[in-house]
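S.K.: after the sequence you'll find the predicted model.
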Amino acid sequence: MANKTTAEKLATIQQGYTLEGATIELGAAIVDGEIHKEAQVRLPLAMMNRHGLVAGATGTGKTVTLHMIAEQLSTAGVPVFLADIKGDLSGLATPATGSEKLTARTQALGQDWQAKNFPVEFLSLGGDGHGIPVRATITSFGPILLSRIMDLNDTQESSLQLIFHFADQNNLELIDLKDLRAVIQFLTSDEGKAELANLGGLSKATAGVILRELVTLEAQGMEKFFGEPEFDTAELLRTAPDGRGVISCLELPTLQTKPLLFSTFLMWLLADLFEDLPEAGDLDKPKLVFFLDEAHLLFNGASKAFLEAITTTVRLIRSKGVGIFFVTQTPKDVPADVLGQLANRVQHALRAFTPEDAKALKATVSTLPVSDYNLEETLTSAGIGEAVITVMNEKGAPTPVALTRLRAPESVMGPSTNELIQSAVAASSLLAKYGTAVDNLSAYEKLTGQATAPTGDAAPGLPPVPSSGTPGASGTLGASQADIDAEARRIEEEILGRPSSRSSSPEPFPAPPAPPAPAPQSSQQDGMFGDIAGALGGALGGGLKSMVRSMGTQLGRDLMRGVFGTSSRRRR
């Protein structure tokens, strides 16, 4: 291989990356120290659901790489989900500004660069940021993912699964942390001793440990991530009216204080998609591409059950049209069983300053195909914005390894302004659906006999949601509200590429319906279905009541949980 000429090396790359279908253009190959724009390196769009890895040392350009790929996926009509850890990815909503340096770079790559913005939906975990709040119910999150956050051992995780089983069987809806705490407190009380004994493997001491961990989660402020309205992961599959895929950008301003919550919440999103989506087989393009940044957080200290669930999800979700790209520093951050499922590879530079770095370098080289490059030397000398690439071609075979100068993004490589983000959120059709927290009848109210709590305010940091369309003294909306609505319409048209869905005289957002007062229950097991039975019995005749209660009991027995123990209330 060492005696190949430059022309022969170029021919190998050109032949390997000559593809028939739609592609993601990654950049131009570097051979013998020179950029060759006639040797374009590409990734087949149809192979994006075969998953991938974007790796490299800090500061080598991983975030810019996923930024550039996300732009092209959106242009191709593919929705994208990505986590914005540093705040830089919000720039996708703002066109970049050209410069002489940028023009020289893009011309050398053969890139026809144009400044563009893209349709972006800004999200935040439980309202921790400016975006639309993303919440999950405790029931939906499931015992395996919750055990991961609580750092439970295998025995305690099994016990938590028994607690979920008890709640499912007794129609005790686990919506937020106080619901789960109420169930555990009931099981450890004198009144619940018999139920605790029936669960067999659950000891009172273990239940106490789990209860203390719940208190710790509440003390850390994590209760706002659990509740309703629960985020429907189908929202991640939307396209804009102009056909471009919507880029869902999850803002994570407090990642450093809650890294485990962040990584586990992303796996909940994937698990929910996995349970909801039908089998799709081989598609011309994926339904969604999911970027998991800081992927090492998923696996550090993970239980065997958690790792097995991730491996299963990665292996099977491909057939449902979803691609997952793990973004981390070295392939060693990803377990071998997961790494073996990743067909596409973008490897940025690595550093070898310590013996541990040297081991990581050798391990990385060993995972790449044999090539015309001296990979140890190439990976330590590659510049910012350069990467060693090998992907799966349309026939399912790996392409030749190519050191590549990567293309430049066409939107801002940095944050958008706060004003633009806030206006985009105010214009979002999701704000009315998810912007305000609610607290419906659930396990806590059933076990304590208390009425449901009132609906909460809009999430902190969000633009105000109009709660009333009543005109003022002059018969018109105030000037400040009118300005906000006008700006929201403008941003919606500019960012999402469609006419605004907001009228010039906006109707008030409908208030969530007040939960019905709980009907008298003959027993705790009647629960929610007892309430429904009572209502239907009054309307259609008392004979229906026993039938509805029977249906509810059977539904509780037959409730099936997914690969992570998840069970969305939308699927019940």
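M.R.: Nice, I can see it.

S.K.: mind listing the strands for the stretch 201-350 of the chain?
M.R.: Counting by DSSP state E, counting those that start in this stretch, the stretch 201-350 of the chain has strands at residues 247-251, 288-292, 322-328, 344-347.

S.K.: what packs against the last one?
M.R.: In terms of contact count using 3 or more Cβ pairs under 8 Å, 6 or more residues apart in numbering; DSSP states H and E, strand 344-347 is assigned the packing partners strand 52-55, strand 386-390. Heads up, the C-betas are built off the backbone N, CA and C, glycines and all.

S.K.: point out where this structure drops to low pLDDT.
M.R.: Where the chain drops to pLDDT under 70, the residues are 1-2, 255-256, 451-565, 567-572.

S.K.: okay, which residue is most central for it?
M.R.: residue 266 (4.3 Å; Cα atoms, centre = their mean).

S.K.: could you check how far the residue lying closest to residue 349 once chain neighbours are set aside is from residue 32?
M.R.: Once flanking residues are discounted, residue 349 sits nearest to residue 382: 4.1 Å by Cβ to Cβ, 6 or more residues apart in numbering. Counting by Cβ to Cβ, to the nearest Å, the separation of residue 382 from residue 32 is 14 Å.

S.K.: more neighbours, those two?
M.R.: residue 382 (23 against 12; other Cβ atoms under 10 Å).

S.K.: mind listing what's buried in stretch 328-347?
M.R.: 328-334, 338-339, 341-347 (16 or more other Cβ atoms under 10 Å).

S.K.: sorry, back to before: need the strands of the stretch 201-350 of the chain in JSON lines with distance to residue 406, can you?
M.R.: Shown next, in JSON lines, are these (distance: least, Cβ to Cβ, whole Å):
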{"stretch": "strand 247-251", "distance to residue 406": "19"}
{"stretch": "strand 288-292", "distance to residue 406": "16"}
{"stretch": "strand 322-328", "distance to residue 406": "14"}
{"stretch": "strand 344-347", "distance to residue 406": "8"}
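
S.K.: list just the one of the ones you listed that sits closest to residue 407.
M.R.: Distance to residue 407, taken as Cβ to Cβ, is lowest for strand 344-347 among the strands of the stretch 201-350 of the chain, at 12.0 Å.

S.K.: what's the closest one in contact with?
M.R.: 26, 43, 47-48, 50-56, 65, 325, 364, 368, 379, 387-392 (Cβ atoms under 8 Å, 6 or more residues apart in numbering).

S.K.: repeat that for stretch 105-117.
M.R.: With Cβ under 8 Å, 6+ apart, stretch 105-117 has contacts from 25, 27-28, 35, 37-38, 40, 71, 92-98, 102-103, 405, 407-408, 410-411, 494-495.

S.K.: could you redo the last one with a cut-off of 10 Å?
M.R.: 25-28, 35-40, 71, 74-75, 91-99, 102-103, 244, 385, 404-412, 416, 420, 494-495, 497 (Cβ atoms under 10 Å, 6 or more residues apart in numbering).

S.K.: show me what the top strand by length along the chain is packed against.
M.R.: As assigned by DSSP state E, the longest strand anywhere in the chain is strand 34-44. Applying 3 or more Cβ pairs under 10 Å, 6 or more residues apart in numbering; DSSP states H and E, we find strand 34-44 packed against helix 6-16, strand 23-31, helix 100-109, strand 344-347, strand 386-390, strand 402-406.

S.K.: dump the second one to CSV, restricted to CA.
M.R.: It stands for strand 23-31. Coordinates of the C-alpha atoms in strand 23-31 are reproduced here as CSV (Å, rounded to 0.1, in the frame of the first residue of the first chain):
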residue,chain,number,x,y,z
THR,A,23,-26.3,11.6,-0.3
ILE,A,24,-25.0,13.7,2.6
GLU,A,25,-22.0,15.6,1.2
LEU,A,26,-19.3,15.5,3.9
GLY,A,27,-16.3,17.1,2.2
ALA,A,28,-13.2,16.6,0.0
ALA,A,29,-10.5,13.9,0.5
ILE,A,30,-7.0,14.8,1.6
VAL,A,31,-4.4,12.6,0.0
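
S.K.: roughly how far out does that strand sit from the chain middle?
M.R.: Centroid separation for strand 23-31 versus its chain: 28 Å, with Cα atoms, centre = their mean, to the nearest Å.

S.K.: the fifth one now?
M.R.: Strand 386-390 sits 26 Å away from the centroid of its parent chain (Cα atoms, centre = their mean).

S.K.: one more: the last one?
M.R.: Between the mean C-alpha location of strand 402-406 and the chain-wide mean there is a distance of 28 Å, by Cα atoms, centre = their mean.

S.K.: number the residues from 892 up from this point.
M.R.: Let's use 892 as the start, then, which means that last one is strand 1293-1297.

S.K.: in whichever helix or strand comes after it, which residues are buried?
M.R.: Next helix or strand after strand 1293-1297 toward the C-terminus (DSSP states H and E): helix 1309-1318. By neighbour count with 16+ other Cβ under 10 Å, helix 1309-1318 contains the buried residues 1311-1318.

S.K.: ok, so of the residues you listed, who is nearest residue 1085?
M.R.: Residue 1085 lies nearest to residue 1316 out of the buried residues of helix 1309-1318, by Cβ to Cβ, at 49.6 Å.

S.K.: just checking, the closest one touches residue 1307?
M.R.: No. At 11.5 Å, residue 1316 and residue 1307 do not qualify as touching, with contact defined as Cβ atoms under 10 Å.

S.K.: list residues touching both of these two?
M.R.: residue 1013.

S.K.: who wins for proximity to residue 1051 among the helices and strands packed on strand 925-935?
M.R.: Taking Cβ to Cβ, strand 1235-1238 is the member of the helices and strands packed on strand 925-935 nearest to residue 1051, at 36.1 Å.

S.K.: need the CA coordinates for that closest one. PDB is fine.
M.R.: The C-alpha coordinates for strand 1235-1238 follow below in PDB (Å, rounded to 0.1, in the frame of the first residue of the first chain):
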ATOM      1  CA  ASN A1235     -20.900   5.100   9.700                       C
ATOM      2  CA  ARG A1236     -17.800   6.600  11.200                       C
ATOM      3  CA  VAL A1237     -16.500  10.200  11.400                       C
ATOM      4  CA  GLN A1238     -13.300  10.200  13.500                       C
END
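
S.K.: check which helices and strands the helix or strand following it sits against.
M.R.: The first helix or strand that comes after strand 1235-1238 along the chain, using DSSP H and E, is helix 1246-1257. On a contact count with 3+ Cβ pairs under 10 Å, 6+ apart, helix 1246-1257 meets strand 1235-1238, helix 1266-1272.

S.K.: direction included, what does the first one pair up with?
M.R.: Spelled out, that is strand 1235-1238. strand 943-946 (parallel), strand 1277-1281 (antiparallel) (DSSP bridges).

S.K.: chain center to that strand, what's the gap?
M.R.: With Cα atoms, centre = their mean, you get 21 Å for strand 1235-1238.

S.K.: before we move on, what about stretch 989-998?
M.R.: For stretch 989-998, the distance to the chain centre is 34 Å (Cα atoms, centre = their mean).

S.K.: what does stretch 973-991 give?
M.R.: 19 Å.

S.K.: how about stretch 1090-1102: buried residues?
M.R.: So, applying 16+ other Cβ under 10 Å, buried residues of stretch 1090-1102: 1090, 1093, 1097-1098, 1100-1102.

S.K.: what ranges does the stretch 1092-1241 of the chain have for its helices?
M.R.: For the stretch 1092-1241 of the chain, applying DSSP state H, counting those that start in this stretch gives helices covering 1095-1110, 1150-1167, 1187-1190, 1195-1208, 1227-1230.
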